[in-house]
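Visitor: Predicted model, plus sequence, below.
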Amino acid sequence: MIRTQVAIVGAGPAGLMLSHLLHRAGVASIVLEARSRGYVEGRVRAGVLEQGTVDLLKQSGVGERLAREGLVHDAVELRFQGRGHRIELSRLARGRTITVYGQQEVVKDLVRARLEAGGDIRFEFTDIALHEVATSRPRVTGRMQGESVEIACDFIAGCDGSHGICREAVPRSQRAVHERAYPFAWLGILARAAPSRDHLVYAHHDRGFALFSMRSPTLTRLYLQVAPDEELSAWPDERVWDELEARFEGEDGWRPARGAVIEKSVTGMRSLVVEPMRHGRLLLAGDAAHVVPPTGAKGLNLAMADVRVLAAALASFYSGEGESALDAYSATALERVWRAQHFSWWMTALLHRFPEGDSFQRRLQHAQLEYVVSSEAARASFAENYVGLPFEAP
Ligand code: APR
Ligand code: PHB
(Lines give C-alpha, C1' and ligand atoms only; values in the text may rest on other atoms or scores of the structure.)
(Ligands and ions follow the chains in the order given, each with its own letter.)
Protein backbone atom coordinates (compact mmCIF):
# COMPACT_ATOMS: atom_id res chain seq x y z
CA MET A 1 0.00 0.00 0.00
CA ILE A 2 1.36 3.37 -1.11
CA ARG A 3 0.23 6.74 0.23
CA THR A 4 0.14 10.11 -1.45
CA GLN A 5 -1.86 13.31 -1.20
CA VAL A 6 -3.27 13.40 -4.74
CA ALA A 7 -3.49 10.34 -7.01
CA ILE A 8 -3.68 11.53 -10.61
CA VAL A 9 -5.10 9.21 -13.27
CA GLY A 10 -3.68 9.93 -16.74
CA ALA A 11 -0.38 11.41 -17.97
CA GLY A 12 -1.79 13.67 -20.66
CA PRO A 13 -1.33 17.45 -20.48
CA ALA A 14 -3.95 17.75 -17.71
CA GLY A 15 -2.50 15.10 -15.36
CA LEU A 16 1.13 16.07 -15.90
CA MET A 17 0.57 19.81 -15.52
CA LEU A 18 -1.51 19.22 -12.39
CA SER A 19 1.29 17.14 -10.87
CA HIS A 20 3.81 19.84 -11.81
CA LEU A 21 1.77 22.71 -10.33
CA LEU A 22 1.03 20.72 -7.15
CA HIS A 23 4.74 20.00 -6.73
CA ARG A 24 5.45 23.73 -6.96
CA ALA A 25 2.84 24.29 -4.24
CA GLY A 26 4.40 21.61 -2.01
CA VAL A 27 1.65 19.02 -2.56
CA ALA A 28 2.65 15.41 -3.28
CA SER A 29 1.11 13.40 -6.12
CA ILE A 30 1.54 10.18 -8.09
CA VAL A 31 0.59 10.04 -11.78
CA LEU A 32 -0.83 6.72 -13.01
CA GLU A 33 -0.79 6.16 -16.78
CA ALA A 34 -2.03 3.11 -18.66
CA ARG A 35 0.26 3.60 -21.66
CA SER A 36 4.05 3.63 -22.00
CA ARG A 37 6.15 6.79 -21.87
CA GLY A 38 7.07 6.33 -25.54
CA TYR A 39 3.42 6.08 -26.56
CA VAL A 40 2.34 9.15 -24.60
CA GLU A 41 5.25 11.24 -25.89
CA GLY A 42 4.85 10.13 -29.50
CA ARG A 43 1.11 10.58 -29.95
CA VAL A 44 0.42 13.34 -32.53
CA ARG A 45 -2.37 15.57 -31.22
CA ALA A 46 -3.32 19.25 -31.37
CA GLY A 47 -0.78 22.05 -31.56
CA VAL A 48 -2.19 25.50 -30.86
CA LEU A 49 -1.48 27.09 -27.48
CA GLU A 50 -3.47 30.07 -26.30
CA GLN A 51 -1.68 33.02 -24.74
CA GLY A 52 -2.82 31.96 -21.26
CA THR A 53 -1.43 28.44 -21.76
CA VAL A 54 1.92 29.81 -22.95
CA ASP A 55 2.09 32.19 -19.99
CA LEU A 56 1.25 29.40 -17.54
CA LEU A 57 3.92 27.06 -18.96
CA LYS A 58 6.54 29.81 -18.87
CA GLN A 59 5.64 31.15 -15.42
CA SER A 60 5.72 27.66 -13.93
CA GLY A 61 9.19 26.95 -15.30
CA VAL A 62 8.41 24.54 -18.17
CA GLY A 63 8.40 27.02 -21.04
CA GLU A 64 12.07 27.15 -21.98
CA ARG A 65 11.93 24.95 -25.11
CA LEU A 66 8.52 26.41 -25.95
CA ALA A 67 10.09 29.89 -25.95
CA ARG A 68 12.83 28.67 -28.31
CA GLU A 69 10.86 26.42 -30.66
CA GLY A 70 7.25 27.59 -30.47
CA LEU A 71 6.02 29.50 -33.51
CA VAL A 72 4.20 32.67 -32.43
CA HIS A 73 1.35 33.53 -34.81
CA ASP A 74 -0.17 36.95 -35.03
CA ALA A 75 -2.86 36.05 -37.58
CA VAL A 76 -5.06 33.27 -38.95
CA GLU A 77 -6.74 33.06 -42.33
CA LEU A 78 -10.36 32.26 -43.12
CA ARG A 79 -10.65 31.13 -46.75
CA PHE A 80 -13.91 30.70 -48.63
CA GLN A 81 -15.38 31.27 -52.08
CA GLY A 82 -11.94 31.53 -53.62
CA ARG A 83 -10.60 34.25 -51.32
CA GLY A 84 -8.43 34.30 -48.23
CA HIS A 85 -9.02 36.76 -45.40
CA ARG A 86 -6.31 37.41 -42.85
CA ILE A 87 -7.55 38.05 -39.34
CA GLU A 88 -5.02 39.80 -37.16
CA LEU A 89 -4.89 38.60 -33.60
CA SER A 90 -2.78 40.80 -31.33
CA ARG A 91 -4.16 44.12 -32.58
CA LEU A 92 -7.74 42.90 -32.14
CA ALA A 93 -7.17 40.95 -28.92
CA ARG A 94 -5.16 43.35 -26.79
CA GLY A 95 -1.71 42.05 -27.59
CA ARG A 96 -2.55 38.36 -27.26
CA THR A 97 -1.37 35.79 -29.84
CA ILE A 98 -1.31 32.00 -30.31
CA THR A 99 1.75 29.76 -30.36
CA VAL A 100 2.06 26.64 -32.50
CA TYR A 101 3.82 23.93 -30.47
CA GLY A 102 2.80 20.27 -30.59
CA GLN A 103 0.87 18.84 -27.67
CA GLN A 104 3.33 15.96 -27.49
CA GLU A 105 6.14 18.48 -27.06
CA VAL A 106 4.27 19.93 -24.06
CA VAL A 107 3.91 16.37 -22.74
CA LYS A 108 7.65 15.65 -23.22
CA ASP A 109 8.61 18.88 -21.43
CA LEU A 110 6.29 18.10 -18.51
CA VAL A 111 7.43 14.47 -18.15
CA ARG A 112 11.04 15.64 -18.10
CA ALA A 113 10.35 18.38 -15.55
CA ARG A 114 8.51 15.96 -13.26
CA LEU A 115 11.17 13.27 -13.45
CA GLU A 116 14.01 15.77 -12.92
CA ALA A 117 12.23 17.04 -9.81
CA GLY A 118 11.94 13.47 -8.48
CA GLY A 119 8.26 13.22 -9.44
CA ASP A 120 6.47 9.87 -9.45
CA ILE A 121 4.92 8.92 -12.82
CA ARG A 122 3.98 5.26 -13.21
CA PHE A 123 3.61 4.31 -16.85
CA GLU A 124 1.93 1.05 -17.96
CA PHE A 125 -0.23 1.10 -14.84
CA THR A 126 -3.34 -0.84 -15.88
CA ASP A 127 -6.72 -2.08 -14.58
CA ILE A 128 -7.30 1.10 -12.59
CA ALA A 129 -10.31 1.13 -10.29
CA LEU A 130 -11.39 3.95 -7.96
CA HIS A 131 -12.76 3.21 -4.49
CA GLU A 132 -14.67 5.20 -1.88
CA VAL A 133 -14.39 8.47 -3.76
CA ALA A 134 -17.24 9.96 -1.75
CA THR A 135 -15.30 9.51 1.52
CA SER A 136 -12.25 11.37 2.81
CA ARG A 137 -10.11 8.24 2.31
CA PRO A 138 -10.36 7.33 -1.35
CA ARG A 139 -8.15 4.64 -2.89
CA VAL A 140 -6.96 3.67 -6.34
CA THR A 141 -6.07 0.10 -7.25
CA GLY A 142 -4.41 -1.27 -10.35
CA ARG A 143 -1.64 -3.44 -11.74
CA MET A 144 1.94 -2.68 -12.64
CA GLN A 145 4.49 -5.20 -13.92
CA GLY A 146 2.16 -8.05 -12.99
CA GLU A 147 1.70 -6.90 -9.38
CA SER A 148 -1.41 -5.49 -7.71
CA VAL A 149 -0.91 -1.99 -6.35
CA GLU A 150 -3.08 0.01 -3.98
CA ILE A 151 -2.72 3.74 -3.45
CA ALA A 152 -4.34 5.54 -0.53
CA CYS A 153 -4.78 9.27 -1.00
CA ASP A 154 -6.75 12.36 0.02
CA PHE A 155 -7.96 13.19 -3.50
CA ILE A 156 -8.19 11.53 -6.90
CA ALA A 157 -7.76 13.70 -9.97
CA GLY A 158 -9.47 12.16 -12.99
CA CYS A 159 -7.29 13.35 -15.89
CA ASP A 160 -7.77 10.24 -18.02
CA GLY A 161 -9.08 11.84 -21.19
CA SER A 162 -12.22 11.36 -23.23
CA HIS A 163 -12.23 7.54 -23.04
CA GLY A 164 -11.16 7.26 -19.40
CA ILE A 165 -12.89 5.56 -16.50
CA CYS A 166 -12.95 8.36 -13.92
CA ARG A 167 -16.08 10.14 -15.12
CA GLU A 168 -17.96 6.84 -14.73
CA ALA A 169 -17.09 6.91 -11.02
CA VAL A 170 -19.56 9.78 -10.57
CA PRO A 171 -22.92 8.09 -9.89
CA ARG A 172 -25.32 8.44 -12.80
CA SER A 173 -27.91 10.12 -10.59
CA GLN A 174 -25.42 12.85 -9.72
CA ARG A 175 -23.97 13.55 -13.14
CA ALA A 176 -25.44 15.40 -16.08
CA VAL A 177 -23.94 14.75 -19.52
CA HIS A 178 -24.48 17.31 -22.31
CA GLU A 179 -23.50 16.07 -25.73
CA ARG A 180 -23.47 16.81 -29.50
CA ALA A 181 -22.34 14.49 -32.26
CA TYR A 182 -21.26 15.82 -35.67
CA PRO A 183 -21.83 14.05 -38.99
CA PHE A 184 -18.15 14.25 -39.99
CA ALA A 185 -14.58 13.54 -38.83
CA TRP A 186 -11.12 14.94 -39.62
CA LEU A 187 -8.47 13.09 -41.56
CA GLY A 188 -5.12 14.52 -40.42
CA ILE A 189 -1.69 14.20 -41.98
CA LEU A 190 1.76 15.25 -40.87
CA ALA A 191 4.06 15.91 -43.84
CA ARG A 192 7.76 16.57 -44.23
CA ALA A 193 7.27 19.86 -46.05
CA ALA A 194 8.18 23.44 -45.18
CA PRO A 195 4.92 25.29 -44.36
CA SER A 196 4.06 27.35 -47.45
CA ARG A 197 2.23 30.01 -45.43
CA ASP A 198 3.22 31.62 -42.16
CA HIS A 199 -0.21 31.36 -40.54
CA LEU A 200 -2.99 28.77 -40.15
CA VAL A 201 -5.62 28.59 -42.90
CA TYR A 202 -9.19 27.48 -42.11
CA ALA A 203 -10.99 26.79 -45.42
CA HIS A 204 -14.72 26.44 -46.02
CA HIS A 205 -15.47 24.86 -49.42
CA ASP A 206 -18.43 23.11 -51.04
CA ARG A 207 -16.33 19.93 -51.00
CA GLY A 208 -15.88 20.27 -47.23
CA PHE A 209 -13.64 21.87 -44.61
CA ALA A 210 -9.82 21.88 -44.76
CA LEU A 211 -7.18 23.19 -42.36
CA PHE A 212 -3.56 24.10 -42.97
CA SER A 213 -1.35 24.09 -39.87
CA MET A 214 2.25 23.26 -38.99
CA ARG A 215 4.56 21.93 -36.33
CA SER A 216 7.97 23.36 -37.23
CA PRO A 217 9.81 25.06 -40.11
CA THR A 218 10.01 21.63 -41.79
CA LEU A 219 6.72 19.96 -40.80
CA THR A 220 3.26 20.78 -42.14
CA ARG A 221 0.07 19.53 -40.46
CA LEU A 222 -3.10 19.34 -42.55
CA TYR A 223 -6.67 18.21 -42.02
CA LEU A 224 -9.62 17.35 -44.28
CA GLN A 225 -13.25 16.93 -43.31
CA VAL A 226 -14.28 13.33 -44.11
CA ALA A 227 -17.21 11.02 -43.27
CA PRO A 228 -17.27 9.84 -39.62
CA ASP A 229 -16.74 6.20 -40.63
CA GLU A 230 -14.10 6.98 -43.25
CA GLU A 231 -11.56 4.21 -43.98
CA LEU A 232 -7.95 5.41 -44.10
CA SER A 233 -7.31 2.94 -46.92
CA ALA A 234 -9.61 5.04 -49.13
CA TRP A 235 -7.14 7.93 -48.81
CA PRO A 236 -3.78 7.24 -50.43
CA ASP A 237 -1.43 10.25 -50.12
CA GLU A 238 -2.07 11.46 -53.69
CA ARG A 239 -5.80 11.64 -53.06
CA VAL A 240 -5.28 13.58 -49.81
CA TRP A 241 -3.08 16.18 -51.53
CA ASP A 242 -5.45 16.54 -54.51
CA GLU A 243 -8.40 17.02 -52.20
CA LEU A 244 -6.52 19.56 -50.08
CA GLU A 245 -5.63 21.54 -53.21
CA ALA A 246 -9.24 21.50 -54.37
CA ARG A 247 -10.51 22.80 -51.03
CA PHE A 248 -7.85 25.51 -50.65
CA GLU A 249 -8.30 26.78 -54.23
CA GLY A 250 -8.34 30.56 -54.52
CA GLU A 251 -7.55 33.49 -56.73
CA ASP A 252 -4.15 34.04 -55.08
CA GLY A 253 -3.10 30.57 -56.31
CA TRP A 254 -1.80 29.53 -52.86
CA ARG A 255 -1.59 25.83 -52.07
CA PRO A 256 0.16 23.78 -49.38
CA ALA A 257 3.61 22.48 -50.35
CA ARG A 258 3.60 18.70 -50.75
CA GLY A 259 5.98 16.36 -48.95
CA ALA A 260 6.35 12.82 -47.59
CA VAL A 261 3.39 11.91 -45.38
CA ILE A 262 4.74 10.59 -42.07
CA GLU A 263 1.50 10.23 -40.11
CA LYS A 264 -2.14 9.84 -41.12
CA SER A 265 -5.19 9.29 -38.90
CA VAL A 266 -8.92 9.96 -38.60
CA THR A 267 -10.31 11.75 -35.53
CA GLY A 268 -14.01 11.76 -34.66
CA MET A 269 -15.68 14.97 -33.56
CA ARG A 270 -18.01 15.61 -30.70
CA SER A 271 -18.88 18.06 -27.96
CA LEU A 272 -19.39 16.79 -24.43
CA VAL A 273 -19.57 18.23 -20.92
CA VAL A 274 -19.97 16.27 -17.67
CA GLU A 275 -21.36 18.27 -14.77
CA PRO A 276 -20.34 18.76 -12.03
CA MET A 277 -16.58 18.23 -12.31
CA ARG A 278 -16.34 17.12 -8.68
CA HIS A 279 -17.85 14.20 -6.78
CA GLY A 280 -16.65 13.99 -3.17
CA ARG A 281 -12.88 13.54 -3.33
CA LEU A 282 -12.86 12.88 -7.08
CA LEU A 283 -12.04 15.89 -9.27
CA LEU A 284 -12.28 15.70 -13.06
CA ALA A 285 -10.09 17.81 -15.35
CA GLY A 286 -9.40 18.10 -19.09
CA ASP A 287 -10.95 15.72 -21.62
CA ALA A 288 -12.19 13.49 -18.78
CA ALA A 289 -14.76 16.22 -18.05
CA HIS A 290 -15.29 17.85 -21.43
CA VAL A 291 -14.54 17.27 -25.09
CA VAL A 292 -14.62 19.88 -27.85
CA PRO A 293 -14.43 19.44 -31.61
CA PRO A 294 -10.90 20.46 -32.68
CA THR A 295 -12.02 23.35 -34.89
CA GLY A 296 -11.35 26.04 -32.28
CA ALA A 297 -8.17 24.32 -30.96
CA LYS A 298 -9.49 24.55 -27.41
CA GLY A 299 -9.03 20.99 -25.98
CA LEU A 300 -5.50 21.29 -24.64
CA ASN A 301 -6.06 24.88 -23.54
CA LEU A 302 -9.15 24.00 -21.51
CA ALA A 303 -7.21 21.19 -19.84
CA MET A 304 -4.53 23.70 -18.80
CA ALA A 305 -7.12 26.20 -17.55
CA ASP A 306 -8.81 23.46 -15.45
CA VAL A 307 -5.67 22.28 -13.71
CA ARG A 308 -4.53 25.80 -12.99
CA VAL A 309 -7.72 26.37 -10.98
CA LEU A 310 -7.63 22.86 -9.49
CA ALA A 311 -4.00 23.06 -8.35
CA ALA A 312 -4.70 26.38 -6.62
CA ALA A 313 -7.80 24.93 -4.92
CA LEU A 314 -5.87 21.88 -3.65
CA ALA A 315 -3.00 24.10 -2.48
CA SER A 316 -5.50 26.21 -0.57
CA PHE A 317 -6.91 23.06 1.08
CA TYR A 318 -3.45 21.90 2.17
CA SER A 319 -2.53 25.29 3.52
CA GLY A 320 -5.42 24.93 5.94
CA GLU A 321 -7.96 27.16 4.23
CA GLY A 322 -10.63 24.47 4.08
CA GLU A 323 -12.64 23.28 1.11
CA SER A 324 -14.18 26.51 -0.17
CA ALA A 325 -11.85 26.74 -3.19
CA LEU A 326 -12.48 23.05 -3.98
CA ASP A 327 -16.22 23.66 -3.66
CA ALA A 328 -15.92 26.44 -6.25
CA TYR A 329 -13.71 24.44 -8.66
CA SER A 330 -16.43 22.94 -10.83
CA ALA A 331 -18.42 26.14 -11.33
CA THR A 332 -15.27 28.20 -11.97
CA ALA A 333 -13.93 25.74 -14.55
CA LEU A 334 -17.31 25.21 -16.23
CA GLU A 335 -17.77 28.90 -16.94
CA ARG A 336 -14.73 28.84 -19.22
CA VAL A 337 -15.63 25.38 -20.55
CA TRP A 338 -19.03 26.55 -21.78
CA ARG A 339 -17.59 29.68 -23.39
CA ALA A 340 -15.11 27.47 -25.27
CA GLN A 341 -17.82 24.91 -26.06
CA HIS A 342 -19.85 27.62 -27.72
CA PHE A 343 -16.93 28.93 -29.75
CA SER A 344 -15.89 25.42 -30.84
CA TRP A 345 -19.44 24.49 -31.84
CA TRP A 346 -19.92 27.82 -33.64
CA MET A 347 -16.68 27.54 -35.60
CA THR A 348 -17.46 23.92 -36.48
CA ALA A 349 -20.94 24.84 -37.74
CA LEU A 350 -19.57 27.82 -39.66
CA LEU A 351 -16.84 26.00 -41.55
CA HIS A 352 -17.97 22.43 -42.28
CA ARG A 353 -20.18 21.04 -44.98
CA PHE A 354 -23.19 19.35 -43.40
CA PRO A 355 -24.17 16.24 -45.39
CA GLU A 356 -27.86 16.98 -44.85
CA GLY A 357 -27.35 20.74 -45.28
CA ASP A 358 -29.42 22.47 -47.95
CA SER A 359 -28.77 25.61 -49.99
CA PHE A 360 -30.36 27.73 -47.26
CA GLN A 361 -27.84 26.55 -44.70
CA ARG A 362 -24.92 27.13 -47.08
CA ARG A 363 -26.08 30.68 -47.77
CA LEU A 364 -26.26 31.31 -44.03
CA GLN A 365 -22.69 30.05 -43.64
CA HIS A 366 -21.50 32.38 -46.42
CA ALA A 367 -23.36 35.33 -44.92
CA GLN A 368 -21.82 34.67 -41.50
CA LEU A 369 -18.33 34.19 -42.94
CA GLU A 370 -18.61 37.47 -44.87
CA TYR A 371 -19.70 39.20 -41.68
CA VAL A 372 -16.83 37.77 -39.62
CA VAL A 373 -14.18 38.93 -42.10
CA SER A 374 -15.68 42.32 -42.94
CA SER A 375 -16.88 43.72 -39.61
CA GLU A 376 -14.20 45.00 -37.25
CA ALA A 377 -16.42 44.10 -34.29
CA ALA A 378 -16.93 40.53 -35.56
CA ARG A 379 -13.22 40.09 -36.28
CA ALA A 380 -12.41 41.31 -32.79
CA SER A 381 -14.91 38.88 -31.27
CA PHE A 382 -13.40 36.03 -33.29
CA ALA A 383 -9.83 37.02 -32.34
CA GLU A 384 -10.68 37.37 -28.64
CA ASN A 385 -12.18 33.88 -28.51
CA TYR A 386 -9.50 32.30 -30.68
CA VAL A 387 -6.54 33.53 -28.60
CA GLY A 388 -8.48 32.55 -25.47
CA LEU A 389 -9.97 34.64 -22.72
CA PRO A 390 -7.50 35.77 -20.06
CA PHE A 391 -7.26 33.60 -16.94
CA GLU A 392 -8.75 35.23 -13.91
CA ALA A 393 -7.02 35.06 -10.57
CA PRO A 394 -7.82 31.56 -9.22
N1 APR B 1 -5.87 4.39 -16.62
C2 APR B 1 -4.74 5.14 -16.76
N3 APR B 1 -4.56 6.06 -17.70
C4 APR B 1 -5.56 6.26 -18.57
C5 APR B 1 -6.77 5.52 -18.50
C6 APR B 1 -6.91 4.57 -17.48
N7 APR B 1 -8.02 3.84 -17.33
N8 APR B 1 -7.58 5.95 -19.52
C9 APR B 1 -6.91 6.88 -20.18
N10 APR B 1 -5.68 7.09 -19.62
C11 APR B 1 -4.64 8.03 -20.05
C12 APR B 1 -4.44 8.09 -21.56
O13 APR B 1 -3.58 7.06 -22.01
C14 APR B 1 -3.84 9.47 -21.73
O15 APR B 1 -2.42 9.45 -21.68
O16 APR B 1 -5.02 9.32 -19.70
C17 APR B 1 -4.36 10.27 -20.53
C18 APR B 1 -5.34 11.36 -20.95
O19 APR B 1 -4.67 12.32 -21.72
P20 APR B 1 -5.37 13.17 -22.88
O21 APR B 1 -6.26 12.31 -23.67
O22 APR B 1 -4.29 13.87 -23.60
O23 APR B 1 -6.32 14.20 -22.10
P24 APR B 1 -6.00 15.56 -21.31
O25 APR B 1 -4.75 15.44 -20.50
O26 APR B 1 -7.27 15.93 -20.67
O27 APR B 1 -5.61 16.58 -22.46
C28 APR B 1 -6.56 17.35 -23.12
O29 APR B 1 -6.51 18.34 -25.34
O30 APR B 1 -5.84 18.45 -27.52
C31 APR B 1 -6.82 17.99 -26.69
O32 APR B 1 -8.11 16.02 -26.70
C33 APR B 1 -6.82 16.52 -26.76
O34 APR B 1 -5.46 15.15 -25.44
C35 APR B 1 -6.01 16.26 -25.50
C36 APR B 1 -6.62 17.18 -24.59
C1 PHB C 1 -3.18 21.48 -35.31
O2 PHB C 1 -2.18 22.12 -35.69
O3 PHB C 1 -3.11 20.27 -35.06
C4 PHB C 1 -4.47 22.19 -35.19
C5 PHB C 1 -4.53 23.54 -35.43
C6 PHB C 1 -5.75 24.21 -35.31
C7 PHB C 1 -6.88 23.51 -34.98
C8 PHB C 1 -6.82 22.15 -34.72
C9 PHB C 1 -5.61 21.49 -34.83
O10 PHB C 1 -8.06 24.16 -34.89
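Guide: All right, it came through fine. Remember, it's a predicted structure, so these values are computed and weren't measured experimentally. Ligands and ions are numbered 1, 2, ... in the order given.
Visitor: which bits of this structure sit near ligand 2?
Guide: Contact residues of the chain with respect to ligand 2, defined by Cβ under 6 Å from any ligand atom, are listed as 46-48, 200, 211, 213, 221, 294-295, 297. Heads up, the C-betas are built off the backbone N, CA and C, glycines and all.
Visitor: remind me which residues of the chain are low pLDDT?
Guide: Per-residue confidence for the chain (pLDDT under 70) gives these ranges: 393-394.
Visitor: change it to 50
Guide: Low-confidence segments of the chain, defined by pLDDT under 50, are absent; every residue clears the threshold.
Visitor: before we move on, back to that, PyMOL command to pick out the buried ones of the residues of the chain next to ligand 2?
Guide: Under the burial definition 16 or more other Cβ atoms under 10 Å, those of the residues of the chain next to ligand 2 that qualify are selected in PyMOL by:
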select buried, resi 46+47+48+200+211+213+221+294+295+297
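Visitor: Now, the residues of the chain next to ligand 2 that are in strands?
Guide: When strands are assigned by DSSP state E, the members of these inside them are 48, 200, 211, 213, 221.
Visitor: If we check ligand 1, which of the residues of the chain next to ligand 2 are in contact?
Guide: Applying Cβ under 6 Å from any ligand atom to the residues of the chain next to ligand 2, one finds that Ala46 fall near ligand 1.
Visitor: how close does the residue in the stretch 151-300 of the chain that ligand 1 sits nearest to sit to Ser162?
Guide: Per Cβ to the nearest ligand atom, the residue of the stretch 151-300 of the chain with the smallest distance to ligand 1 is Gly286, at 2.2 Å. Look at Gly286 and Ser162: by Cβ to Cβ, to the nearest Å, they are 9 Å apart.
Visitor: same question, Ala311
Guide: Taking Cβ to Cβ, one finds Ala311 at 21 Å from Ser162.
Visitor: again with His205
Guide: In this structure, His205 and Ser162 are separated by 28 Å, where distance is defined by Cβ to Cβ.
Visitor: Look at those two and report which has more neighbours.
Guide: Between His205 and Ser162, His205 has the larger neighbour count (other Cβ atoms under 10 Å), namely 20 against 16.
Visitor: ok, for the more buried one, nearest residue in space, not its chain neighbours?
Guide: The spatially closest residue to His205, leaving aside those adjacent along the chain, is Arg247, at 4.2 Å (Cβ to Cβ, 6 or more residues apart in numbering).
Visitor: State the distance from that neighbour to Phe317.
Guide: 50 Å.
Visitor: now swap in Pro13 and tell me
Guide: The spacing between Pro13 and Phe317, counted by Cβ to Cβ, is 23 Å.
Visitor: Indicate the residue of the stretch 1-150 of the chain located nearest to ligand 1.
Guide: Using Cβ to the nearest ligand atom, the single residue of the stretch 1-150 of the chain nearest to ligand 1 is Gly12, 2.0 Å away.
Visitor: how close does that residue sit to Gly320?
Guide: Using Cβ to Cβ, one obtains 31 Å as the distance from Gly12 to Gly320.
Visitor: about what we covered before: more neighbours: Arg247 and Phe317, which one.
Guide: Set Arg247 next to Phe317 and count neighbours by other Cβ under 10 Å: Arg247 wins out with 21 against 18.
Visitor: Tell me who's in contact with the more buried one.
Guide: Arg247 makes contact with 203, 205, 207-210, 224, according to Cβ atoms under 8 Å, 6 or more residues apart in numbering.
Visitor: switch to 6 Å and redo it
Guide: With contact taken as Cβ atoms under 6 Å, 6 or more residues apart in numbering, Arg247 is in contact with 203, 205, 207, 210.
Visitor: Could you check which helix or strand contains it?
Guide: For Arg247, the element it lies in under DSSP states H and E is helix 237-248.
Visitor: ok but Glu77 is inside a strand, no?
Guide: Yes. Counting by DSSP: H, G, I helix; E, B strand; the rest coil, Glu77 is part of a strand.
Visitor: Can you tell me the closest non-neighbouring residue to it?
Guide: The shortest distance from Glu77 to any residue other than its chain neighbours is 4.5 Å, reached at Val201 (Cβ to Cβ, 6+ apart).
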